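Asker: I would like to see how this sequence folds:
(2 chains)
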Amino acid sequence: MTDRAVMLVTGTSRGIGLGIAEYFVERGYTVCGCSRSAGTLDSPHYRHTVLDVADEPAVRAWIAAVARDLGRIDVAVCNAGIVGSSLMLSVTPTKTWDEFATTHMRGVFLVCREVSKVMVRQRGGRIVNLSSPAVAWHMPGAAAYAATKAGIEEMTRVLAAELAPAGVTCNVVRPGLVLTGTARALGGDRAASMLDRQTIRREVTIEEICHVIEFFAAPASTAITGQTLSMCLIG
Amino acid sequence: MKRDEALELMREILEGLRRSGLAEAGDPLGAETVLIGAGAALDSVGFVTFIAELEDRLSAGRREPVELILTDVWQFNRDDPFLSAGVLADYCAQEVAGRS
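Answerer: The predicted structure is shown next:
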C-alpha cells in the first residue's frame, strides 16, 4: 500500500515513457513502469517490470500485482510503441504490419482490459493513451504505424463510453513530433517533412506531453472523457 | 469445483455488490438468474465488476490465474448475448477442474 497516487506507464525504459515516469515520480506519484528491457530509472517511488505488452499472461500478472501490492491504480498511461518502416503499403511485409498491430493495438487492448477491471472495482481512474500526429498526416510510408495508432484512438473512445458509469475517464494525447532516439533514426529529411505538417512547427518536449497527461489525470477533469488532444496541430 | 460451489460463489459476489450499492436488490442468485440479456440482474459496469471479482476468487490460491473467456462459454451466442448463472457455473466448474 502507498499514500502516493499510483500510475502505471508502459514503455518506460527510454524516450517518452522514461520521461513520463521521471516527471510523475517527481510530482508525488508511485510509478509502475514496464518495458521489454531492464528499467533505467532509479527511484524509491519507481518500480519496473520487464515484460512485452503483447504478452497476455505477463500483462495480467503485472497489473494484478500492482493492484494487490499498492492497493489501487489511479492512472494508466499506455505509451509503449514502435516506430520504423517507411515502406509504401503496397510493399509492406505482413510481418511488419503484424509487429505494429501487436505492439500498438494488442498491447493497449490488454493493458486497458486488465486495468479497467481494477478501476471499475475501485469506481474511478484515468486511462490516458498516447497516439501520434501521424494519424492526421496521411504520410506515405506510415500506413501500418498510423492505422494502428488511429485504432488506439477509437478503442479509447469506445472504452470511455463503456467506463463512464464507473467514473473512469479515458482520453488520448496526440503529441506533436518528439525526436527521441528512435525517431531520429528515421532521418533528418523525414523529421523536417513531419514538422512541416504541424500547425506549430517545432518539436514538443516530453514535459509538454506530461502536462497534457497531468491535465487528464487532474481531480478536476472528471467530466473529460473520450477526447483526443492534439499538440501542435489544429483538429 | 462443482457447479453448486460455483453458484454459491456467484451468489456471494452478487450479494456483496448489492450491499455495496453496485447492483440493484433482487432475488438471490440461482441457476436461472440472467447475467447478460433481457432482465439481467446487473448493468454493464456491474457485470464487469462481477466477472473481475469472480476471476479473482477462482484464481486465489492457484498457480495459474483463471480467466473467464465468455465466448468459450457453451451456449453463449455472440450475436445475441445471453448468459445465465447456471451456464456460467458449468463453465467455471469445467475451467477450474484439474487445476492446482
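
Asker: Show me which residues of chain B are close to chain A?
Answerer: B:22, B:43-45, B:48-49, B:51-53, B:55, B:65, B:67 (Cβ under 8 Å from any Cβ of the partner chain). Every residue, glycine included, has its C-beta placed from N, CA and C.

Asker: Helix, strand, or coil at A:Glu153?
Answerer: helix (DSSP: H, G, I helix; E, B strand; the rest coil).

Asker: likewise the one 3 residues further on?
Answerer: The three-state label given to A:Thr156 by three-state DSSP is helix.

Asker: how about it, what does it touch?
Answerer: Contacts for A:Thr156 (Cβ atoms under 8 Å, 6 or more residues apart in numbering or on different chains) come out as A:112, A:127, A:129, A:170-172, A:226, A:228.

Asker: And for A:Ile63?
Answerer: A:8, A:73, A:111, A:114-115, A:118 are the contacts of A:Ile63 under Cβ under 8 Å, 6+ apart.

Asker: quick one: it is in a helix?
Answerer: Yes: the assignment for A:Ile63 is a helix, going by three-state DSSP.

Asker: Check the spacing between it and B:Thr33 real quick.
Answerer: 29 Å (Cβ to Cβ, to the nearest Å).

Asker: Then A:Ile82?
Answerer: From A:Ile82 across to B:Thr33, the span is 45 Å (Cβ to Cβ).

Asker: who has more neighbours, the two?
Answerer: Remark: of A:Ile82 and B:Thr33, B:Thr33 carries more neighbours, 22 against 16, as counted by other Cβ atoms under 10 Å in any protein chain shown.

Asker: Which single residue of chain A ends up nearest chain B?
Answerer: Going by Cβ to the nearest Cβ, chain B is nearest to A:Lys117 of chain A, at 3.8 Å.

Asker: mind checking the SS state of the residue in chain B positioned nearest to chain A?
Answerer: Ranked by Cβ to the nearest Cβ, the top residue of chain B for proximity to chain A is B:Ala52, at 3.8 Å. What three-state DSSP gives for B:Ala52 is helix.

Asker: per-residue pLDDT, the residue nearest to it when sequence neighbours are not counted?
Answerer: Nearest residue to B:Ala52, sequence neighbours excluded (Cβ to Cβ, 6 or more residues apart in numbering or on different chains): A:Lys117, at 3.8 Å. pLDDT recorded at A:Lys117 is 97.

Asker: Please verify my assumption that A:Lys117 contacts B:Phe50.
Answerer: No: in this structure, A:Lys117 is not within contact of B:Phe50 by Cβ atoms under 8 Å, at 10.7 Å.

Asker: coming back round to it: could you identify which of the contacts of A:Ile63 has the most neighbours?
Answerer: A:Leu8 (28 neighbours).

Asker: Against A:Thr49, how distant is that residue?
Answerer: In terms of Cβ to Cβ, A:Leu8 sits 10 Å off from A:Thr49.

Asker: next one: B:Met10
Answerer: In terms of Cβ to Cβ, B:Met10 sits 32 Å off from A:Thr49.

Asker: what do you get for A:Glu154?
Answerer: Applying Cβ to Cβ, the value for A:Glu154 to A:Thr49 is 28 Å.

Asker: just the strands in chain B please.
Answerer: Using DSSP state E, the strands of chain B run over B:34-36, B:83-84.

Asker: Would you convert those into a markdown table that also reports mean pLDDT and mean neighbour count?
Answerer: Listed next are these as a markdown table, based on pLDDT from 0 to 100; neighbours: other Cβ atoms under 10 Å in any protein chain shown:
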| stretch | mean pLDDT | mean neighbour count |
| --- | --- | --- |
| strand B:34-36 | 92 | 18 |
| strand B:83-84 | 92 | 19 |
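
Asker: Which one, of those strands, ends up nearest to A:Glu207?
Answerer: Closest to A:Glu207 of the strands of chain B is strand B:34-36 (Cβ to Cβ; 45.1 Å).

Asker: Can you work out which other helices and strands pack against that closest one?
Answerer: Judged by 3 or more Cβ pairs under 8 Å, 6 or more residues apart in numbering or on different chains; DSSP states H and E, strand B:34-36 is in contact with helix B:44-59, strand B:83-84, helix B:85-96.

Asker: neighbouring contacts of the last one?
Answerer: By that I understand helix B:85-96. Outside helix B:85-96, the residues that touch it by Cβ under 8 Å, 6+ apart are B:1-7, B:9-10, B:29-35, B:54, B:58, B:62, B:66, B:68, B:72-76.

Asker: And it, what's buried?
Answerer: Neighbour counts using 16 or more other Cβ atoms under 10 Å in any protein chain shown place B:85-93, B:95-96 of helix B:85-96 among the buried residues.
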